[in-house]
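Chemist: sequence first, then the predicted structure, then my questions.
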Amino acid sequence: MQQKCASLSVYRQLTLVIQRVPCFTFICYRHIRPMYKLSSNVYAVDLCGVADFVKRNRDSTIPLVKPRGATLRICGQHGTVYEGDEEQLEAWKDYYLPERMEMEVIGAIDDFPCDAFGLQLVLLLGEDGRVFAYEDELLHLVALNLRDLFQHGMVFPGKETFKLGECFEEPTEEEYQEMMESEEIKQMKKLHTEFRQTLANDLLNTMKDIAQSRDV
């Protein structure tokens, strides 16, 4: 009852500010937005600040614009089916994306029709500001940032999907050929050829010097 009253109080405060965005949607984005730090034109996120916000607002709910009927329940990992599983958190950081990404659990969507354990999608915020959802060994990129999530909803299946261990797989023949045709590889080949030619010229000059010294 006390939590419900607090939710209504927050709703009334927000109603005075904005009418078009659901209550907790705007409140969460308004509070979390200052945690973004613009650096080299890329948003970095203060994940410690986000974790503190999540802790203070645990079990608050945010109805999402999309998918219809989906509601985000704010919570940390301890509020999900993966409570206490530190190995799972490290797996999210290490075993899905091309490079390690620090992440923080920001909530869950319960009873969501998907293959996730317990029908629970776990939402994570990456240190680069992107929002991911975890579904049984799949990590979905569901929003480009919090503003995107709260204003436009969650894209599911994700804009991109990352499989467990995919970042360690050997490239296919097609991917290998594409990589070899890239400008970076072409430049490396050019530099390598020039280096080998320089070595050959130096060796030839050395041999000439040796031959000339013997003729003297």
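Modeler: The structure has been received and is ready for your questions.

Chemist: report all helices and strands that the helix or strand hosting L124 contacts.
Modeler: Assigned by DSSP states H and E, L124 belongs to strand 121-126. Under the contact definition 3 or more C-beta pairs under 8 Å, 6 or more residues apart in numbering; DSSP states H and E, strand 121-126 sits against strand 103-109, strand 131-134. The C-beta positions use only the backbone N, C-alpha and C, and glycine is treated the same way.

Chemist: show me where the protein has helices.
Modeler: Secondary structure of the chain, counting by DSSP state H: helices at 2-15, 23-32, 47-56, 86-94, 146-152, 173-180, 183-215.

Chemist: can you list the weak-confidence ranges in the chain?
Modeler: Low-confidence segments of the chain (pLDDT under 70): 1-44, 167-171, 175-176, 179-180, 185, 188-189, 192, 195-196, 215-216.

Chemist: pop the domain breakdown of it in here.
Modeler: 2-168, 173-215 (automatic domain parsing).

Chemist: Q120 reaches E83, doesn't it?
Modeler: No: counting by C-beta atoms under 8 Å, Q120 sits too far from E83 to count as a contact (11.2 Å).

Chemist: the more surrounded of the two?
Modeler: Set side by side, Q120 and E83 show more neighbours around Q120, with 18 against 11, by other C-beta atoms under 10 Å.

Chemist: one step back: give me the common contacts of Q120 and E83.
Modeler: The contact sets of Q120 and E83 do not overlap (C-beta atoms under 8 Å, 6 or more residues apart in numbering).

Chemist: no further queries at this time; thank you.
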